[in-house]
Structures are given as structure tokens and as C-alpha cells.
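S.K.: Here you go, sequence then predicted model.
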Amino acid sequence: MQHLKKTLGLILACLLVFSVIPVSLVSAYNVGDIVEYGRYPQTLITDSVRSEQFLGILENAQAAAVQRAADNARTVLNAKYNNANIYYDLIKGNPSLTEISDTFYSQLQQAQSVRAYADATYTQLNEAIAQLEEALQNAMAAVAAIDESVNASFTPDAAYVPLAPTIWKSYGYSGGTGDRYDGLMTSSDYMMYYDFTHGTETYRAVRFTSYRPYYVGYTAGNDKLRTYQDDNNYNPDQVYFFHYEPLKWRVINPSTGLILCDSIIDAQPYASVVFASGGKYFSDSTAKNLANDYKNSTIHKWIIRDFFDTAFTRAQQSSIPTTLISFNDGTTASERVFLPSISDVSNENYGFGKANVRDGARKASGTDYAKCQGLYKSTDSRNANFAPWWLRDSDSNSAKAMCVSYDGKVENESATVDLNYVGIRPACYVNNLVSESELCKFCGKKHGDSFFQRIIAFFHRIFAFIRRTDINMG
């Protein structure tokens with residue numbers, strides 16, 4: 001009996017030792033595993049019934065936005081009218097100001113007729129506000145020339161900032177004169193979006209009045225030969241609805257929590273302004289920053305602001321640590337989200353091949369939303385639907401930045417920074433890749449799915465139970 005107890009004790013001791021050792025080598029995830037973190041508009045809603053329903057939601061939301069803006073304008077008009085009346089009372093009894101006060105009174109009457117009109121439109125209300133402000137400023141200037149002391153006893157209202165009578169927000173995408181490198185690109189409102197919630201789900205509506213061209217410097221218009229939106233079956237003057245869905249990330253370094261977006265989730269230019277001077281290319285006409293300088297690039301600002309704020313809740317943002325990344329000039333900065341580097345996507349430990357080979361692990365396709373933004377997708381039979389995506393490394397040519405081609409090769413010739421059709425696959429580090437429910441209560445690690453790991457998990461549950469019982473009894 002004593003011999004049996006010793007044998008069982010030895011077996012349990014061995015199981016304990018061998019179960020702990022391999023688990024300590026098992027990370028929460030393996031290279032190539034997919035995790036979900038954050039949300040982003042991705043899949044196009046193609047159901048016609050749902051689309052009609054969403055159009056009704058937009059129509060109601062737009063009507064409500066116009067009403068709110070009109071109500072706000074009426075409130076401002078009433079306040080400014082009352083304030084202007086106070087000023088009028090200050091000058092109407094002064095004989096030397098009779099002509100000014102008569103003109104001012106006439107303008108007050110015009111404003112009164114609009115504010116008394118119950119069905120005055122947003123435009124009419126704002127025009128009345130503008131006329132009243134102009135009248136008051138003119139009157140104060142004229143009075144100052146005659147009697148400065150009158151103005152001293154009056155404090156005008158603060159400047160009026162109109163409330164936009166629309167639900168739509170502009171992407172602010174840039175367009176140019178047709179010259180790719182003249183630096184005259186300016187943002188406009190030809191492409192807009194609106195986020196809304198229906199039930200428990202969130203959606204993004206997108207519309208555009210002109211095609212987004214290949215190059216930032218081209219003029220936005222209806223030239224189908226200069227856009228990939230048309231190739232992707234997206235056209236002007238229509239509304240498209242996209243479902244906000246969990247972002248899928250590929251784990252490329254389990255030990256550090258480094259993850260890379262599994263799909264191309266958007267398409268943006270590396271630089272929205274490109275100015276050629278002296279054989280080099282800059283991101284503005286002052287020729288201060290090179291066009292492919294990631295630190296000062298449009299794409300850098302987009303990924304740390306637009307993407308970060310859209311994709312993650314505040315709680316999720318707090319779980320994304322800052323990490324030092326290097327810039328083209330050799331400096332570093334702490335970033336939360338970033339474009340991956342050449343070294344990231346050619347690291348064999350991360351599951352990738354060498355940079356100069358066509359690597360299937362680097363190939364990526366774009367979401368419906370990215371295609372709506374103008375993403376190029378290959379029509380090559382071997383690489384159908386795969387698309388290029390940006391890296392943060394620069395090229396020796398200041399008009400170019402590095403990217404991964406649709407065939408999975410890191411482009412040696414790279415791509416010009418003014419391309420609107422190159423995709424984005426963000427990268428970041430995440431602290432809590434594993435939820436608490438996935439962790440073993442005994443060793444604090446996540447077990448694998450192999451037969452051996454399942455046996456280990458079984459005994460760890462027993463050991464955790466014994467430890468918990470001992471604690472409770474103690």
C-alpha cells in the first residue's frame with residue numbers, strides 16, 4: 001500500500017512538472033492566429049429592403065438636423081435682435097445720429113419681419129442674422145466717428161457660428177488642378193459620410209458627387225477612366241451603407257502582442273499635397289517636409305486620429321500601449337497605431353517571407369468599404385481581388401513610399417505618395433489579447449488545442465481545484 005502511494009505521488013509530481021513546463025512556453029496566441037479588436041465599417045449592405053429602410057432613417061435624421069439648425073438660428077436671431085434694439089435705444093435720441101438711427105431702424109424692421117415669420121427657413125433666418133450683424137457693425141463704426149462714448153456703453157454679441165443643417169460629414173478629401181505635383185491640392189466636400197445606429201448595430205452611410213481620382217492632384221469629377229470606384233461598382237449620387245463589424249487582426253508576435261489588420265480596411269494617399277521643387281518632392285509649397293516623410297505625412301495623421309478614434313472605444317484605446325517607432329529622419333516617437341515597416345512584414349518569425357519574394361502571407365484583399373474609397377484590386381487570375389497596401393518606410397525618391405504589392409512582394413520601386421488607391425493595414429500592440437475566461441486558473445496561460453495540451457489543461461483544472469480548496473479550508 002505504501003509502495004502504491006509513493007508511485008501515485010511520483011506520477012502526480014511528474015505530471016505537475018511536465019504540465020507546467022510546456023505551458024510556460026505556450027503563448028496566449030500563436031503566430032497567424034486571428035483576434036477581434038475594435039470595429040470599423042466593412043461590409044456593404046446589399047439587401048434592398050434594408051437599404052430602403054436605412055434611406056428612410058437618413059431622411060428622418062436629415063429633416064431633424066434641418067429643424068435643429070433652424071431652431072438654433074431663430075434663437076440666435078431673437079437674441080441679436082434684442083441686443084441690437086438696446087443699441088438703437090442708445091442712439092435714437094441723439095440729433096446728430098438721426099440719419100444713422102433711421103437706417104438702423106429700417107434694418108431692425110427687416111429682421112423683425114423674418115423673426116416674426118413662423119415658417120422662415122434656415123437660410124432666411126441666417127440671412128437675417130448676417131444682415132443684422134452687418135447693420136450693427138456699420139452703425140457702431142459711424143457712431144464712433146461722431147461720439148466714441150456711445151459705443152463704450154454697449155457690448156455686442158459674440159460672433160455667430162451657424163449649426164450645419166445636415167447629418168453628413170465631409171471626408172475632406174483633396175483634389176487638384178490636374179497637375180500631380182504643383183502643390184495646389186485643396187480639400188473639398190465631394191465625398192461624405194454619416195454614422196448611425198439601428199437597433200444594436202452601427203452603420204456608415206457613404207455618398208459622393210464626384211469620383212475619387214487615381215491621384216490626389218487630379219480634379220475630382222466623373223471621369224470613369226481615372227478612378228477605381230467605378231471598377232468596384234460604386235458611382236456618384238447614390239448612398240451606400242456599410243456595417244460596422246469587428247476588426248480581425250493577425251497575431252504576428254504573440255509575446256509582445258503585435259497584431260496586423262488581416263484585411264485592407266481603407267484606401268488613403270500617403271500625402272494629400274505634393275509639391276515638386278529642385279528635383280525633390282515636398283508635402284507643401286514651403287518645401288519644408290519631404291512628401292514621403294511618414295512623421296509629417298497625411299497618412300500618419302489619418303491613422304493616429306481618424307482611424308484610431310473611429311475603430312476603438314475609449315476602453316479599447318486604453319489597452320493599446322504606446323510603442324517607439326522610427327521615422328525616416330532617424331527620430332522616434334511613441335505611437336499607438338501605425339503602418340507596419342519592411343522589417344515587420346519580412347520577419348520570418350512573424351510568418352512572412354523575405355521582402356523580395358512574392359509571399360502569399362503578405363497578400364491581402366480589401367473590404368467593401370475600402371473598395372468604395374477607391375482601392376485598386378488586381379484582376380490577374382493568380383492574384384484576383386488582392387490589393388496593394390502601404391508601409392511606413394520611405395524610398396530614396398522623395399515622391400515614393402514603400403508598399404506591399406497585390407502579389408505579396410515588397411515593392412522595390414515602391415509607389416508614388418499621391419496615390420488614392422493604395423490600401424491600409426494598420427498595426428498595433430494590444431495588452432489584453434486573451435480574455436480572462438480563456439486563461440487557465442492554475443498557470444495563468446492559455447492552453448493549445450493539441451491532445452497533449454488538453455491533457456495538461458485537464459490536470460491543471462484538478463490542481464486549481466485542489467489549490468482553491470486548500471485556500472478555502474485554510
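M.R.: Thanks, I have the structure now.

S.K.: Would you map the helices across this structure?
M.R.: For the chain, helices defined by DSSP state H occupy the ranges 2-25, 48-91, 98-115, 122-146, 148-152, 298-301, 308-311, 314-318, 342-345, 368-372, 451-473.

S.K.: out of the ones you listed, nearest to Lys280?
M.R.: Closest to Lys280 of these is helix 298-301 (C-beta to C-beta; 17.7 Å). For the C-beta atoms, the positions are set from N, CA and C on the backbone; glycine is no exception.

S.K.: Report the buried residues of that closest one.
M.R.: By 16 or more other C-beta atoms under 10 Å, the buried positions in helix 298-301 come out as Thr298, Ile299, His300.

S.K.: now swap in stretch 240-250 and tell me
M.R.: Across stretch 240-250, burial judged by 16+ other C-beta under 10 Å covers Tyr240, Phe241, Phe242, His243, Tyr244, Glu245, Leu247, Lys248, Trp249, Arg250.

S.K.: Show me the shaky parts of the protein.
M.R.: 1-28, 432-441, 443-450, 465, 467-474 (pLDDT under 70).

S.K.: ok, 80 please
M.R.: Scanning the chain for pLDDT under 80 picks out 1-28, 328-329, 412-413, 431-454, 457, 461, 463-474.

S.K.: domain ranges for it?
M.R.: Annotated domains of the chain cover 2-28+435-473, 62-152, 168-429 [automatic domain parsing].

S.K.: Most tightly packed of those?
M.R.: Greatest average neighbour count among the domains of the chain goes to domain 168-429 (a mean of 19), per mean count of other C-beta atoms under 10 Å.

S.K.: start to end distance for that one?
M.R.: 33 Å (C-alpha to C-alpha, to the nearest Å).

S.K.: Output the buried residues of helix 298-301 in JSON lines, with distance to Ala415 appended to each entry.
M.R.: As requested, those are exported to JSON lines (distance: C-beta to C-beta, whole Å):
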{"residue": "Thr298", "distance to Ala415": "14"}
{"residue": "Ile299", "distance to Ala415": "12"}
{"residue": "His300", "distance to Ala415": "16"}
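
S.K.: sorry, back to before: any chance of CSV for the domains of the chain, columns distance to Val49?
M.R.: As requested, the domains of the chain are exported to CSV (distance: least, C-beta to C-beta, whole Å):
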stretch, distance to Val49
domain 2-28+435-473, 36
domain 62-152, 21
domain 168-429, 12
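
S.K.: which stretch among those domains comes nearest Thr46?
M.R.: Closest to Thr46 of these, according to C-beta to C-beta: domain 168-429, at 9.0 Å.

S.K.: mind checking how far that closest one is from the chain centre?
M.R.: Taking C-alpha atoms, centre = their mean, to the nearest Å, the mean C-alpha location of domain 168-429 is offset from the chain mean by 11 Å.

S.K.: And for stretch 31-48?
M.R.: The chain centroid and the centroid of stretch 31-48 are separated by 15 Å under C-alpha atoms, centre = their mean.

S.K.: still on that earlier bit, just tell me which of the domains of the chain ends up closest to Gln42.
M.R.: Here domain 168-429 is closest among these (C-beta to C-beta), at 4.2 Å.

S.K.: which one is Gln124 nearest to, not counting chain neighbours?
M.R.: Using C-beta to C-beta, 6 or more residues apart in numbering and skipping the chain neighbours, the partner closest in space to Gln124 is Val114 (5.8 Å).

S.K.: cool, and Lys295?
M.R.: Here the nearest residue to Lys295 in space, its sequence neighbours aside, is Phe327; by C-beta to C-beta, 6+ apart that works out to 4.1 Å.

S.K.: Save the helices of the chain as JSON lines, and put in distance to Asn412 too.
M.R.: Formatted as JSON lines, those follow (distance: least, C-beta to C-beta, whole Å):
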{"stretch": "helix 2-25", "distance to Asn412": "38"}
{"stretch": "helix 48-91", "distance to Asn412": "44"}
{"stretch": "helix 98-115", "distance to Asn412": "65"}
{"stretch": "helix 122-146", "distance to Asn412": "55"}
{"stretch": "helix 148-152", "distance to Asn412": "69"}
{"stretch": "helix 298-301", "distance to Asn412": "20"}
{"stretch": "helix 308-311", "distance to Asn412": "31"}
{"stretch": "helix 314-318", "distance to Asn412": "36"}
{"stretch": "helix 342-345", "distance to Asn412": "11"}
{"stretch": "helix 368-372", "distance to Asn412": "25"}
{"stretch": "helix 451-473", "distance to Asn412": "42"}
